[in-house]
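Output the structure for:
(one chain, ligands or ions: 1)
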Amino acid sequence: MQAKYEPMQMTIGRAPTLPPLSLYFILILAWFRPAAGASLQAPPPKPNILLIVSDDQGYADAGFQGSKEIPTPNLDRLAKSGMHCTSGYVTHPFCSPTRAALLTGRYQQRFGHVYNPFYDPADAREGLPLGEKLLPEHLRGAGYATGWMGKWHLGATPEHAPEHRGFEEGFGFIGGGHHYFNWKPGKGEYNLPILRNGQEVEVPEHYTTRLGVEAANFEKRHADHPWFLYLAFNAPHMPHQPTPERIARFSHIQNRQRARYAAQISLMDDAIGEVLAALDASHQRERTLIFFFTDNGGPVNVGAVNTPLRGSKGDVFEGGIRVPYLVSWPGRIPAGSTYVQPVSSVDVFATALAVAGARMPTDKVYDSVNLLPHLNGENMSAPHERLFWRTGTGQLAAVRQGDWKLVRQENKPDELYNLATDISETKNLAGANPEKIHQLSLALDTWQKPLPPPAFIGTSRNEKPATTTATRPPTTPAR
Ligand code: CA
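Model (predicted):
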């Protein structure tokens with residue numbers, strides 16, 4: 001028998017009897033009534049986070065860094081849309097350790113990731129230690145789609161693969177470098193398959209160009225919810241293999257190796273243009289926070305690319321660690337602006353978690369700082385009291401505090417530079433400033449003391465003893 005619907009009568013205290021649906025409506029309104037001054041508007045959507053990293057690009061080799069030799073119109077457009085951090089640093093002067101820090105929010109020395117991993121799919125020691133939780137894992141917990149594209153270089157075993165470190169989607173290669181086209185499977189690390197979500201795919205065009213297409217498709221595919229994309233170009237890293245069409249544009253560069261390197265930057269700039277255009281076309285640009293920097297200083301074998309900085313890839317002089325660095329978020333970070341306080345690649349982590357509404361973990365020591373309050377003027381103090389660098393087990397080390405920088409090279413007296421007046425580190429002021437040397441030396445020693453030994457020896461097994469001149473070659477193979 002079908003029951004006849006009878007509205008339930010509710011009485012609360014001495015309140016008069018009300019029709020039940022009206023009462024429910026009032027109760028719901030009361031429940032959601034905003035606090036005084038609060039808005040009824042829904043919270044703004046979480047922004048997308050796009051991290052673009054180039055590989056071995058010199059400090060001076062972009063238009064927004066002053067280059068007249070290598071046009072980079074798309075990077076220049078990105079610079080005009082946001083903030084140019086003129087004291088932007090990476091945490092290490094070569095590839096893999098920098099990447100380990102930016103994805104963990106910690107100086108990579110804290111977990112012994114101080115070398116490039118040796119490519120060995122069977123050696124679980126060689127890669128970013130599995131006890132570290134990466135940024136995409138945190139962001140997935142905040143509702144983000146996560147993607148990785150390009151160069152991985154954080155371990156080659158299945159456990160180290162990006163899909164096991166928080167990335168839901170991926171397109172790229174696992175090693176530390178790659179041929180840009182016509183690679184031959186079975187011929188070593190630079191000829192590994194290109195993988196999409198772990199499956200080998202054909203890439204007939206220049207690999208750099210394809211990255212732009214894949215990244216643009218990722219953005220459009222996820223336009224209806226927040227996403228994080230780590231777009232790690234291999235360009236302009238060696239082998240320098242641009243297309244014939246592109247190298248023809250660089251006949252004005254007499255050093256032909258440098259011309260090929262320049263053409264690689266140009267191809268990458270085109271791909272970045274494609275990525276930015278896709279954001280515009282899908283109306284996501286206003287809600288996308290973009291970081292761009294290179295992973296280390298330019299190498300010595302492609303000309304004087306770090307002008308006016310001293311040194312190159314592998315050094316803790318500025319030429320090894322100070323990089324082109326941009327942050328862009330229309331409406332949230334002033335367009336066409338400059339920020340002069342030191343910032344670091346490690347700061348991506350905390351900044352990304354903050355904009356995603358995710359909690360900064362407290363289980364370990366984290367070195368990452370949320371840059372947004374500093375970049376938008378809410379916090380006028382420097383993001384970092386000090387920044388530190390160290391290669392290997394301490395062959396090279398440095399600390400920057402304010403304008404002062406101490407450089408330590410094994411078996412040599414500490415050197416002291418004032419970067420405000422001597423960005424090229426040409427005048428060692430140690431003799432005239434014993435107190436400053438003592439202060440910075442103590443800070444560096446204190447920072448180094450608890451660091452563990454290397455978690456793996458990586459490609460250091462192939463190293464020759466380092467020399468200690470400013471033009472010293474990289475301390476690892478050019479990878
Ligand atoms: Ca690199």
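
Per-residue confidence at whichever residue of the chain sits closest to the ion, what does it come out as?
Using Cβ to the ion, Cys95 is the residue of the chain that sits closest to the ion, at 3.7 Å. From N, CA and C alone the C-beta is placed, and that goes for glycine too. On the pLDDT scale, Cys95 is placed at 96.

Help me confirm that it comes into contact with Ala101.
No. Cys95 is not in contact with Ala101 according to Cβ atoms under 8 Å; the separation is 11.7 Å.

quick one: the strands in the stretch 301-450 of the chain?
325-328, 337-339, 343-344, 387-391, 396-401, 404-409, 415-418 (DSSP state E, counting those that start in this stretch).

Columns mean pLDDT and distance to the ion on top of the ones you listed, output as JSON lines?
Below are those laid out as JSON lines (pLDDT from 0 to 100; distance: least, Cβ to the ion, whole Å):
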{"stretch": "strand 325-328", "mean pLDDT": "98", "distance to the ion": "15"}
{"stretch": "strand 337-339", "mean pLDDT": "98", "distance to the ion": "24"}
{"stretch": "strand 343-344", "mean pLDDT": "98", "distance to the ion": "16"}
{"stretch": "strand 387-391", "mean pLDDT": "98", "distance to the ion": "14"}
{"stretch": "strand 396-401", "mean pLDDT": "98", "distance to the ion": "16"}
{"stretch": "strand 404-409", "mean pLDDT": "98", "distance to the ion": "21"}
{"stretch": "strand 415-418", "mean pLDDT": "98", "distance to the ion": "24"}
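
Now tabulate those in JSON lines and tack on mean neighbour count.
Output for the strands of the stretch 301-450 of the chain, formatted as JSON lines (neighbours: other Cβ atoms under 10 Å):
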{"stretch": "strand 325-328", "mean neighbour count": "24"}
{"stretch": "strand 337-339", "mean neighbour count": "16"}
{"stretch": "strand 343-344", "mean neighbour count": "27"}
{"stretch": "strand 387-391", "mean neighbour count": "24"}
{"stretch": "strand 396-401", "mean neighbour count": "23"}
{"stretch": "strand 404-409", "mean neighbour count": "22"}
{"stretch": "strand 415-418", "mean neighbour count": "20"}
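
Phi first, then psi, for Phe181.
Backbone torsions of Phe181, given as degrees, to the nearest 10, read phi -160, psi 170.

So it sits against Thr208, correct?
No. With contact defined as Cβ under 8 Å, Phe181 does not reach Thr208; the gap is 9.5 Å.

can you pull out the helices in this protein?
Secondary structure of the chain by DSSP state H: the helices cover 20-32, 73-81, 95-104, 135-141, 207-221, 244-247, 256-281, 318-321, 347-355, 372-375, 434-448.

Dump these into JSON lines; add mean neighbour count as well.
Output for these, formatted as JSON lines (neighbours: other Cβ under 10 Å):
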{"stretch": "helix 20-32", "mean neighbour count": "10"}
{"stretch": "helix 73-81", "mean neighbour count": "19"}
{"stretch": "helix 95-104", "mean neighbour count": "28"}
{"stretch": "helix 135-141", "mean neighbour count": "20"}
{"stretch": "helix 207-221", "mean neighbour count": "21"}
{"stretch": "helix 244-247", "mean neighbour count": "14"}
{"stretch": "helix 256-281", "mean neighbour count": "22"}
{"stretch": "helix 318-321", "mean neighbour count": "30"}
{"stretch": "helix 347-355", "mean neighbour count": "24"}
{"stretch": "helix 372-375", "mean neighbour count": "20"}
{"stretch": "helix 434-448", "mean neighbour count": "15"}
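
Compare those helices and give me the one nearest Pro413.
For Pro413, the closest of these is helix 434-448, at 9.0 Å, according to Cβ to Cβ.

how about the residue of the chain closest to the ion, what does it touch?
Counting by Cβ atoms under 8 Å, 6 or more residues apart in numbering, Cys95 makes contact with Asp55, Asp56, Asn116, Lys151, His153, Gly176, His237, Asp295, Asn296, Arg479.

ok, back up a step: is it possible to get TSV of the helices of the chain that adds distance to Thr362?
Shown next, in TSV, are these (distance: least, Cβ to Cβ, whole Å):
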stretch	distance to Thr362
helix 20-32	32
helix 73-81	33
helix 95-104	14
helix 135-141	12
helix 207-221	31
helix 244-247	48
helix 256-281	33
helix 318-321	28
helix 347-355	12
helix 372-375	19
helix 434-448	20
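
ranking these by mean pLDDT, which is last?
Taking the mean pLDDT of these, helix 20-32 comes last: a mean of 41.

Find the nearest non-adjacent residue to Thr86, please.
Sequence neighbours aside, Val340 is the residue nearest to Thr86 in space, at 5.5 Å (criterion: Cβ to Cβ, 6 or more residues apart in numbering).

oh sorry, the question was meant for Arg246
Looking at Arg246 with Cβ to Cβ, 6+ apart, the closest residue is Ala263, at 4.2 Å.

now that neighbour: how far from Phe388?
36 Å (Cβ to Cβ, to the nearest Å).

Test my guess that Asp270 contacts Gly212.
Yes. Taking contacts as Cβ under 8 Å, Asp270 lies within contact range of Gly212: 6.7 Å.

The ion contacts on the chain?
Contacts of the chain with the ion, taken as Cβ under 5 Å from the ion, map to Asp55, Asp56, Cys95, Asp295, Asn296.

looking at it, the first one is touching Phe293, isn't it?
No. Counting by Cβ under 8 Å, Phe293 is not a contact partner of Asp55; they are 10.9 Å apart.

from what I can see Arg125 touches Gly458, true?
No. Using Cβ under 8 Å, Arg125 is not in contact with Gly458; the gap is 9.2 Å.

Tell me which of the two has more neighbours.
Neighbours of Arg125 and Gly458, each counted by other Cβ atoms under 10 Å, are more numerous for Gly458; the result is 24 against 16.

so what's the more buried one closest to, chain neighbours aside?
Spatial nearest neighbour of Gly458, chain neighbours left out: Tyr115 (3.1 Å); criterion: Cβ to Cβ, 6+ apart.

contacting residues for that neighbour?
Contact partners of Tyr115, counting by Cβ under 8 Å, 6+ apart, are Ser96, Pro97, Gly392, Pro454, Phe456, Ile457, Gly458, Thr459, Ser460, Thr476.

And it, how close does it get to Lys427?
With distances taken as Cβ to Cβ, Tyr115 is found 32 Å from Lys427.

now Val399
18 Å.
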